[in-house]
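Enquirer: sequence-free structure coming up:
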């Protein structure tokens, strides 16, 4: 056999073997050493919980990226990790972080990492809670609320397969150089399950959808008040559930806004937040309905 043909044949067989074993070709693989350096040895923490740790990274190309470690995959679950990468690589929406690449360590105990593009202005939480950050104006806050709901609508109605895990908080809403909101915590279920349950399917229990809608309501309250939602935002939730909460808006409004806001838009946004909080016990509204309310395409139901 000709040496060149033999060499090409060997590469072809290697490619076929990798494709059958679930490796990823359409998303760039970035070396673990490069990711470690870009995150200052994983010291630049953006947010962290029991399921996910996220780090800011600078790879020297002028942009700030988000490196996400989904801890379930650190147990050597490479097949599910590759499925996650393949799914996320197909998602494209203005209000979702785009997958830039992935990384695997040299052994099965190393981190499995997802690298997302463009978080130039960090997290929403930083801009709401850090006094050193430039305050967000009203128009930007309204656009953030609309953008998050638009991302949710895309994930649940237009993604194939439908996304089965989403978490919403000011910590994991990232802002690009134009303060465009980017949802960062979404993907497949992590416990090794191959069963995907769309939150809005007819046979769904509604538990997942009510949780996400509730989180959206808390996020809107943060945007309006500038207050943190730590401890489930209990103070904010008690306030929005009061029968005459509209009369106390002036006391709860973020002082950074001053008088630079539209009163009608503010009341509409708070009315949507109230619907979201109400959905915790009884999921009466869907993401598409809430999106139409925010876009003023239909009137918001009144109690």
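Expert: Now that the structure is in, tell me what you want to look at. Source: prediction; values computed, not measured.

Enquirer: show me what contacts residue 223?
Expert: By Cβ atoms under 8 Å, 6 or more residues apart in numbering, residue 223 lies in contact with 128, 136, 141, 144, 145, 269. In short, each C-beta sits where N, CA and C put it, glycine included.

Enquirer: correction: the previous question concerned residue 240.
Expert: 217, 221, 270, 273, 274, 277.

Enquirer: distance check, the third one against residue 242.
Expert: Noted for residue 270: a distance of 12 Å to residue 242, by Cβ to Cβ, to the nearest Å.

Enquirer: Three-state assignment for the nearest residue to residue 48 once chain neighbours are set aside, please.
Expert: Closest residue in space to residue 48, ignoring its immediate chain neighbours: residue 54 at 7.0 Å, by Cβ to Cβ, 6 or more residues apart in numbering. Assigned with DSSP: H, G, I helix; E, B strand; the rest coil, residue 54 falls in the strand class.

Enquirer: run through the stretch 101-250 of the chain and note the low-pLDDT ranges.
Expert: Within the stretch 101-250 of the chain, the stretches with pLDDT under 70 are 106-109, 161-162, 164, 188-208, 229-233.

Enquirer: what ranges do the helices span in it?
Expert: All helices of the stretch 101-250 of the chain, identified by DSSP state H, counting those that start in this stretch, fall at 124-129, 138-157, 207-225, 234-240, 249-252.

Enquirer: before we move on, back to that, is the residue nearest to residue 48 in a bridge, and if so with what?
Expert: For residue 54, the beta-bridge partners under DSSP bridges are residue 47, residue 68.

Enquirer: which ones are touching it?
Expert: Applying Cβ under 8 Å, 6+ apart to residue 54 gives the contacts 45, 46, 47, 48, 66, 67, 68, 69, 172, 184, 185.

Enquirer: using ChimeraX, define a selection of the buried residues within these.
Expert: For the buried members of the contacts of residue 54, the matching ChimeraX selection, counting by 16 or more other Cβ atoms under 10 Å, is:
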select :46,47,66,67,68,69,172,184,185
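
Enquirer: can you add distance to residue 82 and give the contacts of residue 54 back as a markdown table?
Expert: Converted to a markdown table, the contacts of residue 54 look like this (distance: Cβ to Cβ, whole Å):
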| residue | distance to residue 82 |
| --- | --- |
| 45 | 26 |
| 46 | 24 |
| 47 | 25 |
| 48 | 24 |
| 66 | 20 |
| 67 | 18 |
| 68 | 16 |
| 69 | 16 |
| 172 | 23 |
| 184 | 20 |
| 185 | 20 |
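
Enquirer: looking at the contacts of residue 54, which is nearest residue 88?
Expert: The shortest gap between residue 88 and any of the contacts of residue 54 belongs to residue 68, at 9.8 Å (Cβ to Cβ).

Enquirer: check whether that closest one really touches residue 184, as I assumed.
Expert: Yes. Counting by Cβ atoms under 8 Å, residue 68 touches residue 184, with 7.0 Å between them.

Enquirer: need the residues touching each of these two.
Expert: Joint contacts of residue 68 and residue 184 (Cβ under 8 Å, 6+ apart) are 54, 116.

Enquirer: mind checking pLDDT for residue 5?
Expert: At residue 5 the predicted local confidence, pLDDT, stands at 52.

Enquirer: just residue 282 next, same as before
Expert: 66.

Enquirer: next: residue 271.
Expert: So residue 271 comes in at 89 (pLDDT).

Enquirer: any idea which element it lies in?
Expert: Using DSSP states H and E, residue 271 maps to helix 263-278.

Enquirer: tell me the buried residues in that helix?
Expert: Under the neighbour-count criterion of 16+ other Cβ under 10 Å, helix 263-278 has 266, 268, 269, 270, 271, 272, 273, 274, 275, 276, 277, 278 buried.

Enquirer: contacts for whichever helix or strand comes after that helix?
Expert: Downstream of helix 263-278, the first helix or strand assigned by DSSP H and E is helix 287-294. Outside of helix 287-294, the residues within contact range by Cβ under 8 Å, 6+ apart are 145-146, 149-150, 152-153, 156-157, 200, 209, 212-213, 216, 268-269, 271-272, 275-276, 298-300.

Enquirer: at 10 Å what do you get?
Expert: 142, 145-157, 166, 199-200, 209, 212-213, 216-217, 220, 265, 268-269, 271-273, 275-276, 279, 285-286, 297-301 (Cβ atoms under 10 Å, 6 or more residues apart in numbering).

Enquirer: re the thing from before, quick one: the helix holding residue 271 to helix 138-157, angle?
Expert: On the basis of axes from the mean of the first three to the mean of the last three Cα atoms, to 10 degrees, helix 263-278 is oriented at 40 degrees to helix 138-157.

Enquirer: what helices or strands is helix 263-278 leaning on?
Expert: With contacts taken as 3 or more Cβ pairs under 10 Å, 6 or more residues apart in numbering; DSSP states H and E, helix 263-278 sits against helix 138-157, helix 207-225, helix 234-240, helix 249-252, helix 287-294.
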